[in-house]
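Chemist: okay, here's the prediction I keep looking at, along with the sequence it came from:
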Amino acid sequence: TNGRIAPLGPDPRNGKYETWDRPAKNWGDTYSAYGQLVYKFGDAVELAGGVRWTHEKKRIDMRHTHLHSLFPAGIFLPEGIVVAGDYSDTNWSPEATITWHPTRNTTLYAAYKTGYKSGGFSNPSALSANYADINQARFGSESAEGGEIGAKGSFANGRISINAALYRYTFDGLQLSSFNSATTTFTIRNAAKARTTGFEIETNVAVSKAFTWRYGLGYNRARYLSFPTSSCYAGQTAAQGCVGGVQDLSGTPLVRAPDWSFSTGATYDIPIGGDIAFGLSGDAKFTDSYYTQENENPVALQSDFWLFNASARIHHVDDKWELALIGRNLSNRRYGLSSADKPLGAAGQ
């Protein structure tokens, strides 16, 4: 990769305008196997259990092949300094689910699940001075453990369908990508522990042959249980919790994790002659507030908002073809998904 973050003009040595060139080589081998056993207790109850085994090896080799001679020394590693390392890990992830069908059109289930995401090395676009220690680029594996209970059903001769679930998962070593504005680099690091607890419910109702109504409601309490080594945001002071370049985000919300979400919509679809039908559809979606940055910079808090979509279509009654006019975000609501502090910027930038 290469980048340009300062108007330095051409490098007197070679005429290059970019601030740095940083090629990297990554090697990796992954081996995985999965097995599952299913046992049925009659026609209504089923028990399934399985386990996945994963073994991974990774290696990285990075260096600056060009660093602009007019760029201030001490921020990036000098040209030619090799940053290299090896990583390997093995994981066993079991899971089990019991399912019960009390009636033909209903399902109840309870599941225990575990998951795994391997560790490795960050690939920052530029190598800041602290990358002289390969451990600054290394991050550990992430694992998840928890479960959920849920129900699915179809009622009133199929006119009403309901899906609902209640869940709780704990993450160890949650992997996060954080931007350090002082060194202009993204780094993956591990939050010690996090947990998500919540529920989801979706309902679809055929009020009549032509009119269908739907809604969904979700609550997701996602919090860091322990994260004492988060990076600070630009301009953060000791009084604001930044000590030695890190802050403690234990107990705070995860990035891009709104507590509440809600959606509702309706569709009206009728035949207008022959094999042609006409349909109208409208939907509204609410999203609670959330942070768009991992370091929870106060200016990166996205407030709650609504989105509105609508469409009109003419189509074949068997959906062999359709002509549609689709409108999304009709209120022209602007909202943030992700952000980062300005490289080398001051507070609030």
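Modeler: Yep, it's here.
Chemist: and the closest residue to W260 other than its chain neighbours, what does it touch?
Modeler: Leaving aside its chain neighbours, W260 sits nearest to D288 (4.2 Å; criterion: C-beta to C-beta, 6 or more residues apart in numbering). Bear in mind the C-beta positions are built from the backbone N, C-alpha and C, glycine included. When contacts are counted by C-beta atoms under 8 Å, 6 or more residues apart in numbering, D288 touches 258-261, 304.
Chemist: are any of these buried, and which?
Modeler: 258-259, 261 (16 or more other C-beta atoms under 10 Å).
Chemist: so how far is S178 from R159?
Modeler: R159 is 49 Å from S178, where distance means C-beta to C-beta, to the nearest Å.
Chemist: between the two, which is the more surrounded one?
Modeler: S178 (21 against 14; other C-beta atoms under 10 Å).
Chemist: by mean pLDDT, flag the weakest helix or strand of this protein.
Modeler: Here the helix or strand of the chain ranked lowest by mean pLDDT, DSSP states H and E is strand 2-3, holding a mean of 82.
Chemist: hmm, who's touching it?
Modeler: 18-22, 66, 125-126, 184.
Chemist: that one pairs with which strands, parallel or anti?
Modeler: strand 20-21 (antiparallel) (DSSP bridges).
Chemist: any idea how far the strand it pairs with is from the middle of the chain?
Modeler: Averaged C-alpha coordinates place strand 20-21 at 29 Å from its chain's average position (C-alpha atoms, centre = their mean, to the nearest Å).
Chemist: quick check: mean pLDDT of that strand?
Modeler: Strand 20-21 shows a mean pLDDT of 90.
Chemist: after it comes which helix or strand?
Modeler: strand 24-41 (DSSP states H and E).
Chemist: how about that next one: buried residues?
Modeler: Buried-residue list, strand 24-41, by 16+ other C-beta under 10 Å: A24.
Chemist: can I get it in PDB, CA atoms only?
Modeler: As requested, the backbone C-alpha atoms of strand 24-41 are provided in PDB (Å, rounded to 0.1, in the frame of the first residue of the first chain):
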ATOM      1  CA  ALA A  24       3.600  -6.600   2.700                       C
ATOM      2  CA  LYS A  25       3.600 -10.400   2.200                       C
ATOM      3  CA  ASN A  26       1.100 -12.600   4.000                       C
ATOM      4  CA  TRP A  27       1.200 -16.400   4.100                       C
ATOM      5  CA  GLY A  28      -1.400 -18.600   5.700                       C
ATOM      6  CA  ASP A  29      -2.600 -22.200   6.000                       C
ATOM      7  CA  THR A  30      -5.900 -23.300   7.500                       C
ATOM      8  CA  TYR A  31      -7.100 -26.800   8.300                       C
ATOM      9  CA  SER A  32     -10.600 -27.500   9.500                       C
ATOM     10  CA  ALA A  33     -13.000 -30.400  10.100                       C
ATOM     11  CA  TYR A  34     -16.600 -30.600  11.300                       C
ATOM     12  CA  GLY A  35     -18.700 -33.500  12.600                       C
ATOM     13  CA  GLN A  36     -22.300 -33.700  13.700                       C
ATOM     14  CA  LEU A  37     -24.600 -36.300  15.200                       C
ATOM     15  CA  VAL A  38     -28.400 -36.100  15.100                       C
ATOM     16  CA  TYR A  39     -30.800 -38.200  17.200                       C
ATOM     17  CA  LYS A  40     -34.500 -38.200  16.900                       C
ATOM     18  CA  PHE A  41     -36.900 -38.900  19.800                       C
END
